[in-house]
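Student: coords please:
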Amino acid sequence: MTFTAIDFETATGYCESACAVGIVTVNDGVIVDEFHTLIQTPDNEYWYRNIMVHGIKPIQIVNAKTFDAVFPEIGKRLFGRTIVVHNESFDRNVLLKTMRYYGLYYDELEISDRWECTAKIYRAKGYKPANLKACSDRHGIELNHHEALSDARACAKLYLLR
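Tutor: Predicted coordinates:
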């Protein structure tokens with residue numbers, strides 16, 4: 001069980017507006033690394049609706065690095081790994097479109113276009129609902145929902161339990 005779980009939060013409804021990322025690295029079934037950072041979004045634009053979900057406000061990221069500046073830390077944690085998320089289409093699109101926005105090349109990560117998705121896994125097991133909070137609650141996994149590192153950690157633990 002060697003993989004990397006990732007979770008993004010976005011500032012707007014646009015995928016290239018990543019404002020936080022959490023990454024959890026698992027080797028042989030053990031969490032060996034955790035990474036979290038806030039990200040300066042293009043034009044520091046935020047939608048109220050997104051702030052209400054994750055609580056990250058523009059003032060908090062005013063001095064944060066842009067995605068391309070933090071990408072070396074992200075890339076080294078993802079390179080060649082099996083990627084696990086709880087919402088495959090959302091998180092994959094955020095990574096792909098944010099990389100494209102900054103002129104970075106997704107193919108250089110050498111990761112599959114298909115990621116492992118714990119929402120799909122638990123939905124197939126009959127969980128209703130199969131959202132991250134419900135699955136985490138059901139398994140006693142601590143979760144500060146919509147905090148990127150907490151979401152990535154919960155996702156990693158759910159994948160380990162599958």
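Student: make it CA atoms for all contacts and neighbour counts henceforth
Tutor: Noted.
Student: Walking through the protein, point out its helices one by one.
Tutor: Assigned by DSSP state H, the chain shows helices spanning 48-54, 58-61, 67-78, 88-101, 118-124, 132-138, 148-161.
Student: starting at the chain centroid, how far to the second one?
Tutor: The chain centroid and the centroid of helix 58-61 are separated by 19 Å under CA atoms, centre = their mean, to the nearest Å.
Student: now it: mean pLDDT?
Tutor: Averaged over helix 58-61, pLDDT sits at 92.
Student: mind saving the C-alpha coords of that helix as CSV?
Tutor: What follows is helix 58-61, C-alpha atoms only, in CSV (Å, rounded to 0.1, in the frame of the first residue of the first chain):
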residue,chain,number,x,y,z
PRO,A,58,-7.8,36.5,0.7
ILE,A,59,-5.8,38.2,3.5
GLN,A,60,-4.5,34.8,4.6
ILE,A,61,-2.8,34.1,1.3
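Student: rewinding a little: among the helices of the chain, which comes closest to residue 4?
Tutor: Nearest to residue 4 among the helices of the chain is helix 67-78; the distance by CA to CA comes to 6.7 Å.
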